[in-house]
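>>> fold the following and give me the result.
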Amino acid sequence: MRITAKAAKSLRRTLLLALFLYLSSPGFCISLVGRVHEYGSPYPVPGAIIRVPGSTTYAESEAEGRFKLEVPAGTATVFISAPGYRTKELGLTEEKTDNLKIALVRVEVRADEVVVRGRREALQASQTEISREEIKSTPGTAGDALRAVQNMPGVSMVNDMLGQMTVRGGGPYDNLYLIDAIPWPVPFHFGGIMSTVNSELLRGVDLYAAGFDSRWGDVHGAVLDAHTRPGAKDRVQATADLNLVVSEGLLEGPLGLGDASWTIGGRRSYYDLIFGRMFKDTFTAFPRFWDLGGSFDASLSSQDRIRGLALATDDTLGLKISQDMTRDSGFSGTFHMNNTYETGGVSWTSTRIPGVTSVLTPYAYDVSYDMGMGDIFGLDNRSRYLGIKEEASWEAGRLLGVQHTIGFGGELVQVRDYFTLHFDSPRPGEDTYDTTVEGKGLNSGAWLQDRVQASEKTAVTAGGRFDHSDRVKDSVVLPRASAEYKADPATTLRMAWGIYSRFPDGMQLNPDYGNPDLGPEYAQHTVLGVERQLSPGFFGRVEVYHKWYYNLVVGRQGTITIGDRAEGNRGDNNYTNDGTGLARGIEFFLKRNLGEKFFGWISYAYSVSKRHEGPGAGWTRYEYDQPHVATMVASYAPSTNWRVGTKVRYNSGPLVTPVTGRYQDASGDWHAIYGTPYSRQLADYIRVDLRAERTFRYFDWNLKFYIEGLNLFSRKNPTGLEYNKDYSQERIVGSLPRILYFGLEAKL
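Modelled structure (predicted):
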């Protein structure tokens, strides 16, 4: 049979029409591919359900928020929902099926303090999070953010009076503190009494104890990343807390422009108002502190969001010191100390470029330490930083059959240091000198990494970081990598490896009082761990880690000489890069969270941390080495109005350098002969805390009365040793005794 050209043309039209009708029929499916993230931030929302209304078709977002869903052609809308977030309805078009970016708004119901809680799956090894609700209810912390973080796995503290954290064998100054991606230069009042930010401002805190990715530079210990929350968007609300240490308050509400909101909060200690007159013969300024913080949050468009944060703090004390207090050393007079800082920045989150989430953050901060004693001694140290940073994530799609998420960014920071020191020794014949050191520099960094989802079970991240300081001769290129494997839906294995660095500070690099030829300090982290979801709201984790430190800055012979430089005593005699160190250990962590009813965790860490000061020195225990650290936290609500909790903490005792002998000089003064540094360990630290809180309503106020018993059994936990004048007797210095702590929190 012969087909004419006209018939063939008609047949082609018929087949094309049939194909079009078939493809347009409900039986043909199209693929929706995208990512679910938290509104106003790049944080993913794992476990979100994407479903077609009136159908059983659905998909669940993965750990990084990605999903893929086959839906019938012609589907007009899908619904996206997740615990703790407002359900979103998304309209679809033929052009809107790939690289979807879906932002969910977090929901927090506050009428009777009912808060939806959920655990965000960790995307990195050694990542632990703690929410604001857990912060405020952890026993023994008085609702303070960083005091609560001290109870997270892998974290130990110097003692009860000093809150600086030591994480997995590192020192308290090895860590990087951030809040909304802005540097948090002074996280504690007076070195550890409490944090310098009102916990009501926070949404939560993430701790990266080791093996973190390429985003962060100029740090070789751990990263603490705190996040503030937006203010209330429906009405103006007030929160106040009156307790034994501080009075604090917070206001929040809408700005009246779209969804824009604001917060402002402050705290002030008041012991000086109560006891200042009683101790006026000792204190010229009774210890006091205050802090102030505020934020704003607003959508500029559906693709742009802006958030701002500003913090300020002040710590002040003045003390009269007699010669008896300083053992007749001649040092006496009025001692004063004043520490202040201000920090702030603005973050602009944009999703205008398809598949890309960009967070641009300009920031600035100023830190000042001022202390002195009459005309004898004076120290003024100030640092000013002005910086801008970019953190971006690009959902690059599939390449060579695998999914890629590319992260990239950079940072530029101008640094200015000012240091002045006056010393007029009261001892005859000793040096008198005045010193002024000024410095400035420009630090820069850039990073790039690619997360490859090789399969549904396997993901690999590889990247690197470049950092440069014009005050240090060597720039650094730091490779980092991690991998995760889902053995089954409940079990994830993680591995991370990376090299990290930190630049010496301005004083160490000063040509007169330091060594301008110093190079960066380095640390190599290796982490291997397994995490298992044992049941809903219950998971466990085991990790082993190894940190190797090298090129550490150390003082020659353990001392620093500051004096007359006219005779050729160069500052490079003071510091070298000869130090090395190691830290290794294993860590166990179990956490249970049943929402409002119960939360708690148990952690245990065993570690070894050592240091080597360079040629001629031997390996010694690091001064912050604590082989055993164990914590148990539990908080239970037997009813809607009551909550009770307990915390038990155990860790190895502090290390001290023993006095092995003594001698008397020609003038009759006694001097100590010291043994191997940090070779003596004092008694173990054990502390039990209890907390009970009762909530009730009074007219329009939600009230919460809480009471805490700190160190319930009044154990004398040692913090160090002190000696009499001739070093013939020693006495253990104890930490906090039993303390009853209570307060009242009110919300309107």
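
>>> in space, what's closest to Val544 - neighbours in sequence excluded?
Excluding the flanking residues, the one nearest Val544 by CB to CB, 6 or more residues apart in numbering is Ile586, at 4.8 Å. Every C-beta, even on glycine, is put in place using the N, C-alpha and C of the backbone.

>>> no wait, Leu201
Closest residue in space to Leu201, ignoring its immediate chain neighbours: Thr228 at 5.1 Å, by CB to CB, 6+ apart.

>>> so how far is stretch 524-543 from its chain's centroid?
A distance of 19 Å separates the centroid of the chain from that of stretch 524-543, by CA atoms, centre = their mean, to the nearest Å.

>>> no, scratch that, I was asking about stretch 59-71
On the basis of CA atoms, centre = their mean, stretch 59-71 sits 29 Å off its chain's mean C-alpha point.

>>> buried residues in it, which are they?
For stretch 59-71, a neighbour-count test (16 or more other CB atoms under 10 Å) marks 59, 61-67, 69, 71 as buried.

>>> how about stretch 581-598?
Buried, per 16+ other CB under 10 Å, within stretch 581-598: 581-585, 587, 589-593, 598.

>>> before we move on, what about stretch 348-358?
348-351, 355-358.

>>> of those, which belong to strands?
Counting by DSSP state E, those place 348-350, 356-358 in strands.

>>> what's the closest of the residues you listed to Ile135?
Thr349 (24.4 Å; CB to CB).

>>> the closest one is in contact with Arg305, isn't it?
Yes - with contact defined as CB atoms under 8 Å, Thr349 counts as touching Arg305 (4.6 Å).

>>> could you pull out the strands in the stretch 151-300 of the chain for me?
Secondary structure of the stretch 151-300 of the chain (DSSP state E, counting those that start in this stretch): strands at 155-157, 165-167, 176-179, 182-183, 202-208, 223-228, 237-243, 246-254, 261-269, 283-301.

>>> returning to what we had before: bridging residues for the residue nearest to Val544?
On the basis of DSSP bridges, Ile586 is bridged to Val544, Tyr606.

>>> tell me how this protein divides into domains.
As recorded under automatic domain parsing, the domains making up the chain are 25-104, 127-223, 224-747.

>>> okay if I get these as a markdown table plus mean pLDDT?
Shown next, in a markdown table, are those (pLDDT from 0 to 100):
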| stretch | mean pLDDT |
| --- | --- |
| domain 25-104 | 75 |
| domain 127-223 | 85 |
| domain 224-747 | 86 |
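
>>> please work out which of those domains is packed deepest.
Most buried of the domains of the chain, by mean neighbour count (mean count of other CB atoms under 10 Å): domain 127-223, with a mean of 22.

>>> Leu590 belongs to a strand?
Yes - judged by DSSP: H, G, I helix; E, B strand; the rest coil, Leu590 forms part of a strand.

>>> and it, how far is that from Val633?
11 Å (CB to CB, to the nearest Å).

>>> now do the shared contacts for those two.
Residues within reach of Leu590 and of Val633 at once, by CB atoms under 8 Å, 6 or more residues apart in numbering, are 601-602.

>>> ranges for the helices of this structure?
Secondary structure of the chain by DSSP state H: the helices cover 5-23, 132-137, 145-149, 271-275, 506-509.

>>> relative to Thr334, how far out is Thr351?
Thr351 is 57 Å from Thr334, by CB to CB.

>>> so of the buried residues of stretch 59-71, which ones are in strands?
Among the buried residues of stretch 59-71, the residues falling in strands (DSSP E) are 59, 66-67, 69, 71.

>>> before we move on, the earlier item: and the buried residues of stretch 348-358, which two are the farthest apart?
Trp348 and Gly355 (17.9 Å).
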